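>>> Sequence plus predicted model, see below.
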Amino acid sequence: MLVKPFAALRPVPAKANVLASVPYDVVDTAEARVLAAGNPDSFLHVSRPEIDLPDTVDIHDDAVYAQGVKAFKDLQSRGVLLREPGERFYVYRQTMGAHSQTGVVACCHIEDYANDIIRKHEKTRKDKEDDRTRHCLELNANSGPVFLTYRDQAALDALVADAQSAAPLYDFTAVDGVRHTVWRVEGPAAPWAEAFRDVPLAYVADGHHRAAAAFRSGQQRRAANPAHTGDEEYNWFLAVLFPASQLKILPYNRCVADLNGFAPEAFLENVSAVFTTEPADGAEPAGPREVRMFLRGAWHKLTWDEVAADPVGRLDVSVLQDRLLAPVLGIDDPRTNTRISFVGGIRGTGELVKRVESGRDAVAFSMYPVTVEQMMDIADAGQIMPPKSTWFEPKLRSGLLVHTLD
């Protein structure tokens, strides 16, 4: 892998907590507006600039991108965001309850993305790519980092551990209870870059649209620059790279609005025809090849023995889709079918019960989480995971470290 340090735009320490925001794509406009209310320093004014415009303005209107640029410049002019005087690597630790993960904040090369050294496991949507590409080009910056992972390397572990012996640059707990600690690497950059050269592959864990937009932004800047040399800053994009062993994937659960015309008893008979079914004593699957189903006030345990040969087909979400959701419930395409909804594991299985008991949905499925190794195997095979398969938590905060393209 190619990585390099960068001269970050970053908040003054006293403002880090109020500036750092959730990623743009985990909240909608209304939620972002509530989170940023009364806080002119929130980075959501940059990443979701439509919150400062009337509701009648389309989120892809020219005025939205102009507003984002205005907010970005305002944070700099007021001294909330300052430029690091030199290029640095950073170490970023997140702590959520008993779970902790620590990554390296660096710039990765768009050629590694193009050449599949940085591997992907999700499809992207063109409209979302277009939006983030324009946002990146208008700001002249990567406003949010791409969340990457790699198979553990002892040399990098040692460098990261050593960097944490110094006093942190930032250390705060966000409103959601997640603690964010950032150290600036004060020593030479060369050992870090050399250690990453021994990392053969990285994987996009979260942020496929941000990664695609960064690549497209670099490509467009290259095409527009007749004096392009390859040394320009736009050839690089912002990422946080974590060793795979430290990451935590939560399940992505499923709810279906109706039983596709079946009475509950007939539907349960159909379920029993394709899975081993028995009453369950709780909502959480004990392991892979098991799904818990909530129907008519009770949890049911669904299990199976057969395992498909390919890495996508043997995922629990694939088995559920192929054997039950599609043939029985008529969920032909989970990407587009409006009768299915997805509930991130961070919301807990209580949300599934609430949705069914309220009548919003007819049936809910509690999944066992996909592993990081499964995700990497699928990317290595050049395959795509089913939609809504992984929910990484905690999320990286936007605005703590910003990479500009020149």
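Nice, thanks for sending it over.

>>> Do a quick rundown of the helices in the stretch 151-300 of the chain.
154-163, 190-197, 208-224, 264-274 (DSSP state H, counting those that start in this stretch).

>>> got a list of contacts for the first one?
Helix 154-163 is touched from outside by 91, 102, 104, 183, 185, 191, 192, 195, 196, 198, 199, 243, with contacts defined as CB atoms under 8 Å, 6 or more residues apart in numbering. To be clear about C-beta, it is placed using only N, CA and C from the backbone, and glycine gets the same treatment.

>>> rewinding a little: will you turn the helices of the stretch 151-300 of the chain into a markdown table that also has mean pLDDT and distance to residue 362?
Below are the helices of the stretch 151-300 of the chain laid out as a markdown table (pLDDT from 0 to 100; distance: least, CB to CB, whole Å):
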| stretch | mean pLDDT | distance to residue 362 |
| --- | --- | --- |
| helix 154-163 | 98 | 47 |
| helix 190-197 | 98 | 49 |
| helix 208-224 | 97 | 31 |
| helix 264-274 | 97 | 8 |
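
>>> Highest mean neighbour count out of these?
Ranked by mean neighbour count, the helices of the stretch 151-300 of the chain are led by helix 208-224 with a mean of 20 (mean count of other CB atoms under 10 Å).

>>> so what does that helix touch, helix or strand wise?
If you count contacts as 3 or more CB pairs under 8 Å, 6 or more residues apart in numbering; DSSP states H and E, helix 208-224 packs onto helix 110-114, helix 126-139, strand 146-150, strand 236-243.

>>> looking at the helices of the stretch 151-300 of the chain, which is closest to residue 179?
Checking the helices of the stretch 151-300 of the chain against residue 179 by CB to CB gives helix 154-163 as the closest, at 16.8 Å.

>>> Just want the angle from that closest one to strand 236-243.
With axes from the mean of the first three to the mean of the last three CA atoms, to 10 degrees defining the directions, helix 154-163 sits at 100 degrees from strand 236-243.

>>> any idea of the angle helix 154-163 forms with strand 146-150?
Calculated by the same axes, to 10 degrees, helix 154-163 forms an angle of 120 degrees with strand 146-150.

>>> got the angle between helix 154-163 and helix 190-197?
150 degrees.

>>> do you know which of the helices of the stretch 151-300 of the chain lies nearest residue 56?
Nearest to residue 56, of all the helices of the stretch 151-300 of the chain, is helix 208-224, at 25.5 Å by CB to CB.

>>> Need the contact partners of that closest one.
Residues outside helix 208-224 that contact it (CB under 8 Å, 6+ apart): 25, 110, 113-114, 118, 120, 122, 124-125, 128-129, 131-133, 135-137, 142, 144-146, 204, 228, 232, 234-238, 405.

>>> send the alpha carbons of it over as PDB?
What follows is helix 208-224 as a C-alpha-only set of coordinates in PDB (Å, rounded to 0.1, in the frame of the first residue of the first chain):
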ATOM      1  CA  HIS A 208     -17.700   3.000  -0.400                       C
ATOM      2  CA  HIS A 209     -19.300   6.200  -1.800                       C
ATOM      3  CA  ARG A 210     -16.700   8.400  -0.200                       C
ATOM      4  CA  ALA A 211     -13.900   6.200  -1.700                       C
ATOM      5  CA  ALA A 212     -15.500   6.200  -5.100                       C
ATOM      6  CA  ALA A 213     -16.000  10.000  -5.000                       C
ATOM      7  CA  ALA A 214     -12.300  10.600  -3.900                       C
ATOM      8  CA  PHE A 215     -11.200   8.500  -6.900                       C
ATOM      9  CA  ARG A 216     -13.400  10.300  -9.300                       C
ATOM     10  CA  SER A 217     -12.300  13.700  -7.900                       C
ATOM     11  CA  GLY A 218      -8.700  12.800  -8.500                       C
ATOM     12  CA  GLN A 219      -9.400  11.600 -12.000                       C
ATOM     13  CA  GLN A 220     -11.300  14.800 -12.900                       C
ATOM     14  CA  ARG A 221      -8.500  17.000 -11.500                       C
ATOM     15  CA  ARG A 222      -5.900  15.000 -13.500                       C
ATOM     16  CA  ALA A 223      -7.900  15.500 -16.700                       C
ATOM     17  CA  ALA A 224      -8.200  19.200 -16.100                       C
END
